[in-house]
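**Q** got a structure for you, letters missing:
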């Protein structure tokens, strides 16, 4: 009887050690569905959905606290992508929210007084400048969230709609075959110009 108790206790301790090891080394950090939802959101960090950024909104969607149709910058395309991911029916954009065309913040450098209020308001650090010096927007970083417009005391920031032109339009998904073809066409043009 004593041998059975000792054996059972040793087996219990051994199983506990294995479970403890598995818990520490195979633990999933975060919720993978939140990461997938966040990847589909536009990453404007604008707060138009009612949350301070895309990550908190993704967490709320995953917890079924909010619906998938609250992101104006993402619009219909994001709603459809979220519906497909979560196996839900797509819905139109929340009527209390307004879908706007993509825009870029532009600072009138002749009027800018260098107050830095726009820099403090920008959630993605897309505005460059220093106190009492003019500021400018880093075009590649600006998400068009409009959070820099309201704090400006002299209204020198305008939101300019971005139109898809042949110079600004990009393929929705990177295609290495197309990029390679374009690179080889440039190489051929450069070679022909040399001769």
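**A** All right, it came through fine. As the structure is a prediction and not an experimental result, all values here were calculated from the model. Numbering: from 1, shown residues only.
**Q** how does the protein divide into domains?
**A** According to automatic domain parsing, the chain comprises the domains 32-86, 101-166.
**Q** where's the top helix by length along the chain relative to the chain centroid, distance-wise?
**A** Secondary structure of the chain per DSSP state H: the longest helix is helix 2-25. Centre-to-centre, helix 2-25 and its host chain are 45 Å apart (Cα atoms, centre = their mean, to the nearest Å).
**Q** which residues of the chain fall in strands?
**A** Counting by DSSP state E, the chain has strands at residues 103-107, 127-128, 136-137, 157-161.
**Q** Tell me how far the last one lies from the chain's centre.
**A** On the basis of Cα atoms, centre = their mean, the separation between the geometric centre of strand 157-161 and that of its chain is 21 Å.
**Q** Show me which parts of it are buried, residue by residue.
**A** By neighbour count on 16 or more other Cβ atoms under 10 Å, the buried set for strand 157-161 is 157, 159. Backbone N, C-alpha and C define where each C-beta goes, glycine included.
**Q** how close does the one residue sitting closest to the centre of the chain get to residue 12?
**A** Nearest to the geometric centre of the chain sits residue 43, at 2.1 Å (Cα atoms, centre = their mean). Per Cβ to Cβ, to the nearest Å, residue 43 is found 48 Å from residue 12.
**Q** Check which residues of the longest helix of the chain are buried.
**A** Judged by neighbour count (16+ other Cβ under 10 Å), helix 2-25 contains no buried residues.
**Q** Out of the helices and strands in the chain, which is least certain?
**A** When the helices and strands of the chain are scored by mean pLDDT, DSSP states H and E, helix 176-194 comes last with a mean of 45.
**Q** pLDDT at residue 162, what is it?
**A** At residue 162 the predicted local confidence, pLDDT, stands at 81.
**Q** Repeat that for residue 20.
**A** 87.
**Q** Ok, residue 28 next?
**A** In this model, residue 28 is scored at 68, pLDDT.
**Q** repeat for residue 61
**A** At residue 61, pLDDT is 93.
**Q** so what's residue 90 up against?
**A** 68-69, 76, 79-80, 83 (Cβ atoms under 8 Å, 6 or more residues apart in numbering).
**Q** what does residue 47 give?
**A** 53, 123, 145, 147.
**Q** so what's the residue lying closest to the first one once chain neighbours are set aside up against?
**A** What that stands for is residue 53. Leaving out its chain neighbours, the residue that sits closest to residue 53 by Cβ to Cβ, 6 or more residues apart in numbering is residue 45, at 4.4 Å. Residue 45 makes contacts with 52-54, 123-124, 143, 145, as judged by Cβ under 8 Å, 6+ apart.
**Q** Show the low-confidence segments of this structure, by residue range.
**A** Low-confidence segments of the chain (pLDDT under 70): 28, 164-195.
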